[in-house]
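> structure of the sequence below:
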Amino acid sequence: MCIQNITAIVSCIIAGIGVFVACVQLRGVKQQLSLAVSNQAKDSLKIVLEIETQLNSRKLEFDKSNKALLESKDDDREIIAAFVETTKESYFNALDRLCFCIQKGYVDEDEYRPEYRDIIKNTVKQYESDFGAGSAYNHIKQINDKWKES
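Sure thing, here's the model as predicted:
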């Protein structure tokens, strides 16, 4: 009977040590997961900030090309008009990528709405023909429609 009690006590001690080791390991896994999530969020933010930087530089190029078209002479207008189309497409592509990131939740939509709502609305309104049924800029159109409703 005494050996059975000792065996039970030893079994309880071993089980307790096992539970302690498991808790320590679970705490380590939890910390690793938290760090991984934090790093992923930072990486996503870096990507979005790079897209915003590209968006701003492409918008600047687009504006410069429009200015050059307005100031151009008749001989140069066709060449500059082609350049305007190229810079417009580049700008729209960057804006569409940003809208994609907003849709996928890579950034907080509520933070980006105040800054980009009017930009997107005015872009779609000013270049309506570029946002028709066959438009390649679906993310811009979807965000614009969603933000119109809210």
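> so which residue is smack in the middle of this protein?
Centroid-nearest residue in the chain: residue 101, 2.8 Å away (criterion: CA atoms, centre = their mean).
> contacts only, for that one.
Contacts of residue 101 were listed using CB atoms under 8 Å, 6 or more residues apart in numbering, and they are 44, 47, 48, 51, 107. (Each C-beta comes from the backbone N, C-alpha and C, glycine too.)
> the strand or helix carrying residue 59 - what's its average pLDDT?
Element membership for residue 59 (DSSP states H and E) is helix 2-71. Across helix 2-71, the average pLDDT comes to 86.
> circling back to that earlier point, is the residue nearest to the centre of the chain in a helix, a strand, or coil?
For residue 101, the reduced secondary structure class is helix; criterion used: DSSP: H, G, I helix; E, B strand; the rest coil.
> before we move on, what about the one 5 residues further on?
Of the three states, residue 106 takes coil under three-state DSSP.
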